[in-house]
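Engineer: Show me how the following folds:
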Amino acid sequence: MGPWCAQMGVGGWAGTAAFWLVVVALAVWALTRLFPARPADGARATLDARLARGEIDPETYRLIREELDGLGSATKGPR
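Structural biologist: From the prediction side, this is the model:
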């Protein structure tokens, strides 16, 4: 083999591996900053949007909202 691999040693290989690990980690970090994940819309936001678009009337909105609030408090346990 040529002088490229024989002269490197364990420290050289570890340094090279660490270098590429840092490069990949920075690339992943940069991509997550450029393209953040969209927050998940909850049931309440969907209900609000349906009322705003006129798909449901205010009375239906109130009934469904009471149901959603009841479900939320039922999963949290007794008060």
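Engineer: Return the set of buried residues in stretch 63-73.
Structural biologist: Buried residues in stretch 63-73, counting neighbours by 16 or more other CB atoms under 10 Å, are found at Ile64. Backbone N, C-alpha and C define where each C-beta goes, glycine included.
Engineer: as a whole number, average confidence for the strand or helix carrying Asp48?
Structural biologist: Here Asp48, judged by DSSP states H and E, is contained in helix 43-53. Mean pLDDT, helix 43-53: 92.
Engineer: For it, what is the distance to the chain centroid?
Structural biologist: Relative to the mean C-alpha coordinate of its chain, helix 43-53 is positioned 22 Å out (CA atoms, centre = their mean, to the nearest Å).
Engineer: any chance you could map the strands in the protein?
Structural biologist: For the chain, no strands are identified by DSSP state E.
Engineer: mind listing the helices for this protein?
Structural biologist: 3-6, 9-34, 43-53, 58-76 (DSSP state H).
Engineer: circling back: and the helix holding Asp48, what does it pack onto?
Structural biologist: In terms of contacts (3 or more CB pairs under 8 Å, 6 or more residues apart in numbering; DSSP states H and E), helix 43-53 is packed against helix 58-76.
Engineer: Could the C-alpha coordinates of the helix it packs on be exported in PDB?
Structural biologist: Only the C-alpha atoms of helix 58-76 are listed here, as PDB (Å, rounded to 0.1, in the frame of the first residue of the first chain):
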ATOM      1  CA  PRO A  58     -72.600  28.700  15.800                       C
ATOM      2  CA  GLU A  59     -74.900  26.300  17.600                       C
ATOM      3  CA  THR A  60     -73.200  23.200  16.200                       C
ATOM      4  CA  TYR A  61     -69.900  24.800  17.000                       C
ATOM      5  CA  ARG A  62     -70.900  25.300  20.700                       C
ATOM      6  CA  LEU A  63     -72.200  21.700  20.900                       C
ATOM      7  CA  ILE A  64     -69.000  20.200  19.400                       C
ATOM      8  CA  ARG A  65     -66.800  22.400  21.500                       C
ATOM      9  CA  GLU A  66     -68.500  21.300  24.700                       C
ATOM     10  CA  GLU A  67     -68.000  17.700  23.700                       C
ATOM     11  CA  LEU A  68     -64.300  18.400  23.000                       C
ATOM     12  CA  ASP A  69     -63.900  20.200  26.400                       C
ATOM     13  CA  GLY A  70     -65.700  17.300  28.100                       C
ATOM     14  CA  LEU A  71     -63.400  14.700  26.500                       C
ATOM     15  CA  GLY A  72     -60.300  16.800  27.500                       C
ATOM     16  CA  SER A  73     -61.400  16.900  31.100                       C
ATOM     17  CA  ALA A  74     -62.300  13.200  31.200                       C
ATOM     18  CA  THR A  75     -58.800  12.100  30.100                       C
ATOM     19  CA  LYS A  76     -57.200  14.400  32.800                       C
END
